[in-house]
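In: Give the three-dimensional model of this entry:
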Amino acid sequence: MKKAEQISVRRPKEFEDFIQGLAKTKTSSAPFSAMYDVLVFAASIGFKMNLRETFAQKGGEIEFRLMQQNEYFETLMSTISVMNNIGDHDCLSFDRLEERVLLFEEFMCGGLRFLNDQLKTYGGSPVVYFETLVSNSVNEN
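Out: Residues are numbered from 1 along each chain as shown. Down below sits the predicted model:
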């Protein structure tokens, strides 16, 4: 069993450029302030739409402690785990942190595929696309 400081969230190599393009840098504007925000958003989309996808080739990684800078990361990761392990009261134990991270990664990958496909279909800039996506979601609810 790894310690929390040894755990990282893997990014699928297939979407590495897409992820990096959605996070702001000193020289570019983008819809998200950091890559970990992109991953949390993608995982939430993947979870909501039940798009769970494994990936073999990993791109970069983000350390668990850095992922924790997103205020929704651990809550989303725990929710995903509980909903995928109904009746399993130990799914939130520290011993199963790596399992929760893997579930998060799989829903994140599914969400990334969906978002990447939508952006290709939409054909606009990522900033405008995500503003439209969020606006439509708010108006539906």
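In: Could you use CA atoms for every contact and neighbour count after this?
Out: Fine.
In: Checking Gly59 next. Helix, strand or coil?
Out: Three-state assignment for Gly59 (DSSP: H, G, I helix; E, B strand; the rest coil): strand.
In: ok, it touching Asp17?
Out: No: Gly59 is not in contact with Asp17 according to CA atoms under 8 Å; the separation is 9.4 Å.
In: Now find how far off-centre the strand or helix carrying Ile62 is within its chain.
Out: Assigned by DSSP states H and E, Ile62 belongs to strand 58-63. Put simply, strand 58-63 sits 12 Å off its chain's centre (CA atoms, centre = their mean, to the nearest Å).
In: How about stretch 133-141?
Out: 19 Å.
In: average model confidence for that stretch?
Out: Stretch 133-141 comes out with an average pLDDT of 70.
In: re the thing from before, which residues are in contact with the strand holding Ile62?
Out: Contact partners of strand 58-63, identified using CA atoms under 8 Å, 6 or more residues apart in numbering, comprise 5-14, 16, 36.
In: between these, which is nearest Met77?
Out: Ranked by distance to Met77 (CA to CA), those are led by Val9 at 11.2 Å.
In: which SSE is the closest one in?
Out: Here Val9 is covered by strand 8-12, with elements defined by DSSP H and E.
In: what about Phe18, neighbour count?
Out: By other CA atoms under 10 Å, 16 other residues sit near Phe18.
In: gap between it and Ala42?
Out: Distance, Phe18 to Ala42, by CA to CA, to the nearest Å: 11 Å.
In: again with Leu92
Out: From Leu92 over to Ala42 (counting by CA to CA), the distance is 22 Å.
In: So for those two, which sits in the more crowded spot?
Out: Ala42 (25 against 17).
In: Give me the three-state assignment for the more buried one.
Out: Classification of Ala42 using three-state DSSP returns helix.
In: pretty sure it contacts Glu105?
Out: No: the criterion here is CA under 8 Å, and Ala42 misses it with Glu105 at 9.5 Å.
In: Return the members of the contacts of strand 58-63 classed as buried.
Out: Neighbour counting over those (16 or more other CA atoms under 10 Å) leaves 7-12, 14, 36 as the buried ones.
In: Now flag whichever of these is closest to Lys48.
Out: Of those, the one sitting nearest to Lys48 (CA to CA) turns out to be Tyr36, at 18.3 Å.
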